[in-house]
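Asks: this is a predicted model, with the sequence first.
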Amino acid sequence: MIAVELIKMLRRPRTWLIVGMLIALPTLVAVLLAITDLGPRPGTGPPFLSAVLSDGTLFPLAALGVVLPLLLPIAVAVLGGDAIAGESQTGTLRYLLVRPVGRAHLLLAKLLTVVAFVLLAVLLVAAVSYAEGRLLLGRAPAAGTVSLSGSTLSQQELAWRTALALGYVIISMLGVAAVALFFSTLTRSSIGAALGTVGLLVASTVLLGLDAANALHPFLPTRYWLAFVDLFRDPVLWRDVLRGLVVQLGYLTVFTLAAWANFGTKDIDD
Amino acid sequence: MTGAAKANGQVIRTQSLTKRYGDLRAVDAVDLDVRTGDVYGFLGANGSGKTTTLRMLLGLVLPTSGEADVLGKPMPAARQDVLPHIGSLVESPGAYPHLSGPANLALLDATGSDRSPRQLRRGLISATLEQVGLSAADRRPVRSYSQGMRQRLGLAAALMRRPPLLILDEPTNGLDPHGIQEIRRLLLQLNNDGTTIFLSSHLLAEVEQMCTRVGVLHSGRLILQEQLDVLLQPTGMVAVRTFETHRSAALLGSSIVSVEGNQLLVRAEDPAQLNAYLVGEGIRVDEIGPYRRTLEQVILDVEVQT
């Protein structure tokens, strides 16, 4: 069942269109940086963008920093929102359920497929931007990459920190995926479910900029998304990374259960 | 109950099956009784609750109250056991529009735990497509299919694993007259080979031509359930067509049931005897024969009574 869902995802032109968009944006950034040699002023703009001018090996992280706040979560919202509502729209949901595929089983397969998509997208973005960084941007200093704290990281250290960062980015999308899946069980419209999810993320971002909402900040889904930057401090600053993991697992648990509670006993009468 | 149902050859059996949406009783205490080998015609106007009943039999919609046993097991509790043995088509057929017909069938087959072995799947798909009048060589995406082709693809999905029970909602919907005849022939062939068919329809003529047993749903209530030949058996009346209606009526007196235009309905056992009598009295009889009600009349009569 999960294999079939993966095949369905991979055979959809839309999947590759979205992946293409996710790769195109950092590529544009790389080209612009290479041509103009103008980085954002330190402390502004996406993380690592100033650093990559002198060290192209950091560009995969810069690329993730570019797609993470907006493009990647929207992609996840679109795929997650389509999971059940899309099957409902094409009239194939009842085919699956009378085949029979258990409802909990179907939800799980859909969730895993969205996670697989995030994995695919993040790895492709990282791989392409690594090549772009090597070709277009600054060569790594012979002594090794400089961490955000000013110390020097060996190739090996840089590799495992990058791997951890990729993993963290993937986990950061679990909450979005679960929310989108839940909305997808509520409506027949996959666009509606995706927009609902994006709406929630926008609200979260707005509240993060509001001091009056300070008490809510630790619970907002977007709060710790960029904490992967802390993995490049020396020593690693784990606090926000760990909090980010807890928040994402919380959203994953709550919304997956909500999706299951709603979908498990829902009348399929479209 | 499970054993008893099997012994009776009951394939579908519901007891007081009810689905309420708020105050509306979409399906109201329905007792269905479908036996092995039946072609059961489930009739009713649009909105009478046919589709909701079908969805309950398939575990898509949960009943508010009542019980449904399908293939001897309770639904929806036993859906994982029961559904692999049912082929179904509920309302308009669905498919992934960007994939071809064969690709859709292959994905659907691969989804279940009873999937066909890979090397057999291709043969099974092309045989099934051929059965419903589609070609396995057609690689066009389903989005370019006509409505009739989609309907055929939906039927192929239902037939693919050769299930002993078919539950079909308006199976000839969207087909042209030639296609309707083809599918009707196919379904009768399958029934001949032992498949029990439960089909819903609002086309009386179709049901009259195909079915062995009918159930009629009216505003959610099952107002009639009977073998078709019992419903259409002779009525003990003879229809006489003649222009001399007044003289005939006078002759036959109290055995006249009705006079409409130039047709008389007469209570009589033997048309030949009646014919001889009338002709002997010098009445010109244009047409005479046993009077049978059509299914339409049967249903209208029952609807008037309820």
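Replies: Everything's here; your move.

Asks: so who does the closest residue to chain B within chain A touch?
Replies: Nearest to chain B, among the residues of chain A, is A:Gly91, at 2.3 Å (Cβ to the nearest Cβ). Quick note: C-beta positions are derived from backbone N, CA and C, even for glycine. Shown in contact with A:Gly91 (Cβ atoms under 8 Å, 6 or more residues apart in numbering or on different chains): A:Asp270, B:Glu91, B:Ser92, B:Pro93, B:Gly94, B:Ala95.

Asks: if I've got this straight, the first one is in a helix?
Replies: Right, A:Asp270. No. Per DSSP: H, G, I helix; E, B strand; the rest coil, A:Asp270 lies outside any helix segment and is coil.

Asks: would you confirm that it contacts A:Thr187?
Replies: No. Between A:Asp270 and A:Thr187 there is no contact under Cβ atoms under 8 Å: 10.3 Å.

Asks: neighbour count: the two, which is higher?
Replies: Higher neighbour count among A:Asp270 and A:Thr187: A:Thr187, with 17 against 14, using other Cβ atoms under 10 Å in any protein chain shown.

Asks: quick check, that one in contact with A:Ala194.
Replies: No. A:Thr187 is beyond contact range of A:Ala194, at 10.2 Å (criterion: Cβ under 8 Å).

Asks: mind listing what's buried along stretch B:219-238?
Replies: The neighbour-count check on stretch B:219-238 (16 or more other Cβ atoms under 10 Å in any protein chain shown) flags B:Ser219, B:Gly220, B:Arg221, B:Leu222, B:Ile223, B:Leu224, B:Gln225, B:Leu228, B:Leu231, B:Leu232, B:Met237, B:Val238 as buried.

Asks: among these, which two are most distant?
Replies: Using Cβ to Cβ, those reach their maximum pairwise distance at B:Gly220 and B:Val238, which is 37.9 Å.

Asks: tell me, how many residues neighbour residue 268?
Replies: Defaulting to chain A. Residues lying near A:Ile268 (other Cβ under 10 Å) number 19.

Asks: that's the other chain; I wanted chain B
Replies: 20.

Asks: let me see the contact set for the residue of the stretch 101-250 of chain B found nearest chain A.
Replies: Residue nearest to chain A within the stretch 101-250 of chain B (Cβ to the nearest Cβ): B:Gly112, separated by 4.5 Å. Counting by Cβ under 8 Å, 6+ apart, B:Gly112 makes contact with A:Arg99, A:Pro100, A:Val101, B:Pro84.

Asks: ok, so of these, who is nearest B:Gly179?
Replies: For the contacts of B:Gly112, the nearest to B:Gly179 is A:Arg99 (25.8 Å; Cβ to Cβ).

Asks: how about the residues of chain B near chain A?
Replies: Contact residues, chain B versus chain A (Cβ under 8 Å from any Cβ of the partner chain): B:52, B:55, B:58-62, B:79-80, B:83-84, B:86, B:88, B:90-99, B:107-108, B:110-112, B:157.

Asks: narrow those to those in strands?
Replies: Members of the residues of chain B next to chain A lying in strands (criterion: DSSP state E): B:Ile86, B:Ser88.

Asks: ok, the strand or helix carrying B:Leu168: who's next to it in the sheet?
Replies: Under the criterion of DSSP states H and E, B:Leu168 resides in strand B:165-169. Strand B:165-169 pairs in its sheet with strand B:86-89 (parallel), strand B:196-201 (parallel), by DSSP bridges.
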